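**Q** below is the sequence, then the predicted model.
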Amino acid sequence: LYVSLIIKDRTCSSLIKNCGTDDHKIASALTGTVTQAPIPRIVAPSIVGLCDGLTLNALSSSHTVPTPPVYSWSMTTSSTDSLTVAALQEVLKNETGLLVVIPAQYTPLGTHVFMLTAVDVFGNTGSATATVVVSDMSYPRLEVVGSTARTTRRFLRTKIQALGSPANCKGGNATTVTAADKALQSYTWKCTSHPSLTLGASAATSTLD
């Protein structure tokens, strides 16, 4: 964005014979940056079980203006459980934050597409979606710690940590996870953009050299 400012001024000096007749123009260019739309980001599991509940994490969202944007959540779904879907939509309607924790009783079976919309003070709008399947099977729960968008130097070691918990659902009913259950848990890391990279094979923390 370029703005030009021109100031006309009449000056008088004893050294100038044509005093008061010369217009001196001072022009300056002011530069600015056009504001960019907010960039929402949603971190969510791709599939969860009936007993798991759901966490939608958008804390890594970003914006360029000092004033935070206004956030709103919405969803579409394939579920035919109209009562539970209506309750879930009501939960989302009242959410304006970047971390949404949805109890298991509000997550019906089916495929759900969650949308986060951000509108800044200039009216710029950004949105992001996350698709989550709620299944009648039982799955371990897994979360990568920290931001999903990271910047590092090429020759610095990078560590990525995950928090996992064994499945706690049997026959649609929540169960207690024991230490023995956790001892059987293992992790497999993979870099999808560079499959040849070697990552930690079974630990919760992977180190990339």
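**A** Good, I have the coordinates.
**Q** so residue 87 sits in a strand?
**A** No: counting by DSSP: H, G, I helix; E, B strand; the rest coil, residue 87 is not part of a strand but helix.
**Q** which ones are touching it?
**A** Residue 87 is in contact with residue 106, counting by C-beta atoms under 8 Å, 6 or more residues apart in numbering. Bear in mind the C-beta positions are built from the backbone N, C-alpha and C, glycine included.
**Q** per-residue confidence at it?
**A** We have a pLDDT of 96 for residue 87.
**Q** mind checking which helix or strand of the chain has the lowest mean pLDDT?
**A** Every helix and strand in the chain was compared by mean pLDDT, DSSP states H and E; the lowest is strand 23-31, with a mean of 41.
**Q** and the residue nearest to residue 104 when sequence neighbours are not counted, how far is that from residue 100?
**A** Using C-beta to C-beta, 6 or more residues apart in numbering and skipping the chain neighbours, the partner closest in space to residue 104 is residue 53 (4.2 Å). As judged by C-beta to C-beta, to the nearest Å, residue 53 and residue 100 stand 11 Å apart.
**Q** mind checking which of the two has more residues around it?
**A** When neighbours are counted by other C-beta atoms under 10 Å, residue 53 and residue 100 differ, and residue 100 comes out ahead with 20 against 17.
**Q** OK, contacts around the more buried one?
**A** Contacts of residue 100 (C-beta under 8 Å, 6+ apart): 55, 56, 58, 73, 91, 92.
**Q** the last one in helix, strand or coil?
**A** The one in question is residue 92. Residue 92 - assigned by three-state DSSP - is helix.
**Q** can you tell me how far it is from residue 133?
**A** For residue 92, the distance to residue 133 (C-beta to C-beta) stands at 17 Å.
**Q** more neighbours: these two, which one.
**A** A count of neighbours by other C-beta under 10 Å puts residue 92 above the other of residue 92 and residue 133, at 18 against 15.
**Q** the more buried one against residue 71, yeah?
**A** No: counting by C-beta atoms under 8 Å, residue 92 stays clear of residue 71, with 11.1 Å between them.
**Q** could you give me the PyMOL syntax to select whichever of the contacts of residue 100 are buried?
**A** Burial among the contacts of residue 100 is assessed by 16 or more other C-beta atoms under 10 Å; the matching PyMOL selection reads:
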select buried, resi 56+58+73+91+92
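**Q** which two from the contacts of residue 100 end up farthest apart in space?
**A** Greatest spatial distance among the contacts of residue 100 (C-beta to C-beta): 58 and 91, at 15.2 Å.
**Q** which residues in this structure form helices?
**A** 82-93, 179-183 (DSSP state H).
**Q** any idea how many residues pack against residue 75?
**A** When neighbours are counted by other C-beta under 10 Å, residue 75 registers 18.
**Q** which intervals of this protein have sub-threshold pLDDT?
**A** Low-confidence segments of the chain, defined by pLDDT under 70: 1-34, 138-139, 141, 147-148, 166-178, 181-184, 198-209.
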